[in-house]
Structures are given as C-alpha cells and as structure tokens.
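S.K.: got a predicted structure plus its sequence, pasted below:
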Amino acid sequence: MEKELISRVLDYYEVKSGVDSIYGDWVVSKAGDIVNIERRYPIYSSQVRDDRWLLHLRDKTWFERTSFLAAFHRACEILGVTVTLKEDF
C-alpha cells in the first residue's frame, strides 16, 4: 500500500498518531484508530468499544472480515480493552 495514500487519508480523518500496523486495506494508528484506506472508512479509538458500527460494517458489500478482525484486535491491544464480538459477526 502506498505510503503517500495512507498519509493523505489519515490526515483527512485527522488521525495524527502515525501508523502502528496494516492489515489488508485497514490501517491501525498508534492511538488505536482503525481506517480503511481504500474505502475511506474510519473507526476512531473512541468508537472501538461501541459495537453498533460493527453491525453497520458487516452489511457493506466490500467488507473483508479477516483483515478487519486482525486490525480490530490490534486496536483493542493498543487501547487495553476487551470487546466481545457477537457470534454472528
């Protein structure tokens, strides 16, 4: 994934903490934000505990579960939180 694109998208969403890791199209910031670079879909660290967005995301036709879950689990590690996902997610 192109560094310039990542930087531009993170700047657009005001994610200033830098990149911790990348899983497919998902970038996890050092502050625990999760951003899909290709689809321009941000999940801020303050939203990680709220599972309502998970249901919304699950219905997206472009959603790729494996990469997202890896990014989600990394964000939880950074934030020091445990989020239990519903079985059907």
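M.R.: Nice, I can see it. Numbering: from 1, shown residues only.

S.K.: enumerate every residue touching the spatially closest residue to Y13 that is not a sequence neighbour.
M.R.: Excluding its sequence neighbours, the residue lying closest to Y13 (Cβ to Cβ, 6 or more residues apart in numbering) is P42, at 4.5 Å. Glycine gets a C-beta too; all of them are placed from N, C-alpha and C. When contacts are counted by Cβ atoms under 8 Å, 6 or more residues apart in numbering, P42 touches 13, 15, 33-36.

S.K.: can you show me the CA trace of the lowest-mean-pLDDT helix or strand in the chain as CSV?
M.R.: Taking mean pLDDT, DSSP states H and E as the measure, the chain has helix 52-58 as its least confident helix or strand, at a mean of 81. What follows is helix 52-58, C-alpha atoms only, in CSV (Å, rounded to 0.1, in the frame of the first residue of the first chain):
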residue,chain,number,x,y,z
ARG,A,52,-23.2,-0.7,16.8
TRP,A,53,-20.9,0.2,14.0
LEU,A,54,-19.9,-3.4,13.7
LEU,A,55,-23.4,-4.3,12.5
HIS,A,56,-23.3,-1.4,10.0
LEU,A,57,-19.9,-2.5,8.7
ARG,A,58,-20.9,-6.2,8.4
